[in-house]
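**Student:** Coordinates for the following, if possible.
(chains A and B)
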Amino acid sequence: MEIIVCIKQVPDTTEVKIDPVKGTLIREGVPSIVNPFDKNALEAALQIREQKGGKVTVLTMGPPQAVDALRECLAMGADEAVLLSDRAFAGADSWATSYTLAKAIEKVGKPELIFCGKQAIDGDTAQVGPGIAEHLGLPQATYVQKIREVQSEQLLVERAIEGGYEVITVPLPAMIAVEKSINEPRFPTMMGTMKAHKKTIPTWSAADIGAEADKIGLDGSCTQVKRVFAPERKGQGEMLTGETENEVCLLLLEKLQGAKIV
Amino acid sequence: MTELIKGGSFLISQTEPEQVYTPEDFNDFHKMVSDTVASFIKEKVLPVTDSIEKMEDGVTVGLLRQMGELGFVGSDIPEKFGGAEADKITSLIIAEQVSRGGSFSVAFGAHTGIGTLPILFFGNEEQKKRYLPGLASGQKVAAYALTEAEAGSDAMNAKTRAVLSEDGKHYILNGSKQFITNASWADVIVTYAKVDGQHFTAFIVDRDAPGVSIGAEEHKMGIKGSSTCSVIFEDAKVPVENLLGQLGKGHQVAFNILNIGRYKLGVGCSGAAKYALELASRYAQERIQFNLPLAKFGLIKSKIADMNIRTYVTESICYRTGGLINSLVENLDMDAEDAGQKVAEGIQEYATECSIVKIVGSETLDFVADEAVQIHGGYGYSQEYAVERIYRDSRINRIFEGTNEINRLIIPATLLKKAQKGEIPLIQAALKLQEELLMPTMQEESDELLGKEVQAIENFKKIFLLISGTAAQKYGEKLIKEQEILGRMADMVDEIFSAETAMLRAKKIAAAKGEDAAALAVKMTVCYVNELVPKFEAWAKEVVAAMEEGDTRRTLFSILRKLTRYEQENVFALKREIADAVLKGNKYTVTV
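**Tutor:** Here you go, the predicted structure:
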């Protein structure tokens, strides 16, 4: 089975600090990692390959240093990796990004499955996966928490919904965006790392994938970021204490009545 | 074939920055391995620290197997025996990252190092085929049993005996070994016994061989999650084909393996020190007293800076030594049947460096762990905080793999032996120095980077030559009995290697990435040398006072005064800057 996994290199948000004055993220010195949900996507792809055979290709759009993220994926077991890097891609929103990735997927071939993480931990839009499916005219299943069965024509998956999950069949080829709970991504192995280190990773430009200039990067973006800010702090919370639960409840009622809420 | 640098030669010759391997030379592969092992420890080992410390069944061995399956246990082992056959830098990097795992790292280190390497280096083809694949994958766990109740530092005093069975098929071992790491879960034990009561010989013993039993767990101060028991041989039947190396040549195996154990222990200390520094840095920024985070106070900053500086020095000497050993291995034909033995013997060339790394590493970690507890205040004394465990775990490092005292004796003994054999021209250098010291000299001001420190280090070398030359002349063969003098000589050698490596690394960074990138490394070197100068003078004077009297003593004192002239720097200011760099990233920092 031909599988493509789209990944993103993101700042490790557990290490990010907020500038107390400007309220913006301090990117300096923050390590870059493979978006954690994308690792789940890769793990899902690798498991299917182990079952059914085939090839897993990892794709990312980003600056030249994003090649490190691709190498990590190769070390985990991906067969091929392609970097989409071009100044013209810069400033892309989720629309332009998904167009670019879709064009690259067309160049790779005709995959039966495209895997994405449900969202990236930096932008948190969860739009790129669905966008790719739309651009390619493929069916999609988002928030997939389990792959129940892989058949030759379709996939039977569990899709997380509020308060539970639904079981759906997705005809192939399709785009699948996965939840964290779907699996536990494997660690790269020593031999995998050695192979990944030696592997040549091609870089494709806008011209290489035949992308139209007005559909990529900042020019191809339908949305623009006007301002980034940290929400203002609201007032401090208040802890109510008392001897018994009843006492605390009454205290709370008093407060709420005092504030004319009840 | 590149020319190899002689072990110990740093004392008398000048080393150029580009000759020294540094962590800045790691390639992408090294960095990836480092990141993967770091994540493994963070995600798989640290969350189960409590289970490890309580020695819950199968936890440590299970983790060892997982690391084996990923290929990180067999880094040193050739591919044909199921290993990854990576370079020696890689196995150092792995050891350094694993060291954050506390007790787990002790099990890992004993298995991959002293447990497995004797078979890798001294085993014959058959033994390698039989044991290495299992050890590489972590399916089998190895232990190394050298110490006995009455043979600790004095390892050759072993009482364990071996005699050949009547049918000539087995050696029958009797005796017991003490403080054996991994004993309770080991499948394979490398041990030593005197054949017929006299020929000290190495053996590979299968745990399930008849007559082998394991004693109770020791109740230890630290590394509580590691297994430490006695191993008892009562008419233990060991097949003759399990004799390791040559009959009567067990000391070759034992001592060569210890050299590797020592430098790996050093790098483990470097990793654990980095972890303690991270914890201390985070805590110092979270804990508020007098309305300020601790990190804003000068005395706390000074501690953070000292921790970073000493870790920098330790890390630098570990990888410099790793680089020496790596070049050695790269120059050998690793497919030759005796390749392993050549490696082990080659490493003997760097016995001095290995001992230095062991001493400096373990003493750095003790210092850093102690200060990390201190920064945590009362909370550091509570088991709620990881620094409490790091502090207890640290202490053993000055004891095992040869106590630091034994290692301090090894250093001058090895150097004097090398000098006598003419391997390094120590004596010639000492004579030349005597002539030089009689001539009036003018020290020129140098405006090169770290010029003052370069000069100070040159003078440290002169002091060492002066002291050791005088001692050798005075005591001759009997110098070996003057342990206090030997100890000070070792201190000097340790610090020359340390200070010089810190300086060379700073210069190497400056040459590759510019002086801005090297600024922190330069400051650390300045601080280190600055504090070393008066120590060096005091040590040398102690030795002189012990050896000489009257005019000779006074003359030597005045030479020492001249050689330790160094204009003091404002280290308080430098240390604040160093601490700020650490605090900014909440981690050990060399380049910013």
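**Student:** Near B:P210, how many other residues are there?
**Tutor:** 11 (other Cβ atoms under 10 Å in any protein chain shown). The C-beta positions use only the backbone N, C-alpha and C, and glycine is treated the same way.
**Student:** Can you report phi and psi for it?
**Tutor:** Backbone torsions for B:P210, taken as degrees, to the nearest 10, come to phi -60, psi 140.
**Student:** Quickly list what the nearest residue to it once chain neighbours are set aside is bridged to.
**Tutor:** Nearest non-adjacent residue to B:P210, counting by Cβ to Cβ, 6 or more residues apart in numbering or on different chains: B:K237, 5.0 Å away. In this entry, B:K237 is beta-bridged to B:I172, by DSSP bridges.
**Student:** How much space separates B:K237 from A:K146?
**Tutor:** Distance from B:K237 to A:K146, counting by Cβ to Cβ, to the nearest Å: 54 Å.
**Student:** Let me know the secondary structure of A:L46.
**Tutor:** Here A:L46 is recorded as helix under DSSP: H, G, I helix; E, B strand; the rest coil.
**Student:** tally of neighbours for it?
**Tutor:** Neighbours of A:L46 (other Cβ under 10 Å): 22.
**Student:** tell me which parts of chain B are close to chain A?
**Tutor:** By the rule Cβ under 8 Å from any Cβ of the partner chain, the part of chain B lying against chain A is B:27-29, B:32-33, B:35-36, B:39-40, B:69-72, B:74-75, B:84, B:86, B:584-585.
**Student:** which of the residues you listed count as buried?
**Tutor:** B:29, B:32-33, B:35-36, B:40, B:70-72, B:74-75, B:84, B:86, B:584-585 (16 or more other Cβ atoms under 10 Å in any protein chain shown).
**Student:** excluding its backbone neighbours, what's nearest B:L132?
**Tutor:** B:F81 (3.7 Å).
**Student:** measure the closest residue to chain B within the stretch 151-262 of chain A to B:S176 for me?
**Tutor:** Closest residue of the stretch 151-262 of chain A to chain B, Cβ to the nearest Cβ: A:M190 (2.9 Å). Separation of A:M190 from B:S176 (Cβ to Cβ) stands at 37 Å.
**Student:** Give me the more crowded residue out of those two.
**Tutor:** A:M190 (27 against 18).
**Student:** Just to check, the more buried one is in contact with B:F72?
**Tutor:** Yes - if you go by Cβ atoms under 8 Å, A:M190 and B:F72 touch, sitting 5.6 Å apart.
**Student:** so what's in contact with these two at the same time?
**Tutor:** Both A:M190 and B:F72 are in contact with B:V33, B:A84, where contact means Cβ atoms under 8 Å, 6 or more residues apart in numbering or on different chains.
**Student:** Pull up the per-residue confidence for residue 232.
**Tutor:** With no chain named, the answer covers chain A. A:E232 is assigned 76 on the pLDDT scale.
**Student:** think we crossed wires, I meant chain B
**Tutor:** So B:I232 comes in at 98 (pLDDT).
**Student:** If it is in a bridge, with which residues?
**Tutor:** B:S176, B:S213.
**Student:** my guess is it meets B:V205, correct?
**Tutor:** No - the pair B:I232 / B:V205 is not scored as a contact, 11.4 Å apart, by Cβ under 8 Å.
**Student:** and the closest residue in space to B:S103 that isn't next to it in sequence, helix, strand or coil?
**Tutor:** The shortest distance from B:S103 to any non-neighbouring residue, by Cβ to Cβ, 6+ apart, is to B:G225 (3.0 Å). Secondary structure state of B:G225, per three-state DSSP, is coil.
**Student:** rewinding a little: give me the more crowded residue out of B:I232 and B:V205.
**Tutor:** More crowded of B:I232 and B:V205, by other Cβ under 10 Å: B:V205, with 26 against 18.
**Student:** Mind telling me what element that one is part of?
**Tutor:** strand B:199-206 (DSSP states H and E).
**Student:** May I have that strand exported as CSV, CA atoms only?
**Tutor:** C-alpha atoms of strand B:199-206 as CSV (Å, rounded to 0.1, in the frame of the first residue of the first chain):
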residue,chain,number,x,y,z
HIS,B,199,47.4,-18.1,37.5
PHE,B,200,45.0,-15.2,37.6
THR,B,201,42.5,-15.9,34.8
ALA,B,202,39.3,-14.6,33.4
PHE,B,203,36.2,-16.8,32.8
ILE,B,204,32.7,-16.4,31.4
VAL,B,205,30.3,-18.0,33.8
ASP,B,206,26.7,-18.8,32.9
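**Student:** In CSV, list the C-alpha atoms belonging to stretch B:262-275.
**Tutor:** C-alpha atoms of stretch B:262-275 as CSV (Å, rounded to 0.1, in the frame of the first residue of the first chain):
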residue,chain,number,x,y,z
ARG,B,262,36.6,4.7,33.9
TYR,B,263,36.2,7.0,31.0
LYS,B,264,32.6,5.9,30.6
LEU,B,265,31.9,6.5,34.2
GLY,B,266,33.3,10.0,33.7
VAL,B,267,30.9,10.8,30.9
GLY,B,268,28.0,9.4,32.9
CYS,B,269,28.9,11.8,35.6
SER,B,270,28.8,14.6,33.1
GLY,B,271,25.3,13.6,32.1
ALA,B,272,24.0,13.4,35.6
ALA,B,273,25.6,16.7,36.5
LYS,B,274,23.8,18.3,33.6
TYR,B,275,20.5,16.9,34.9
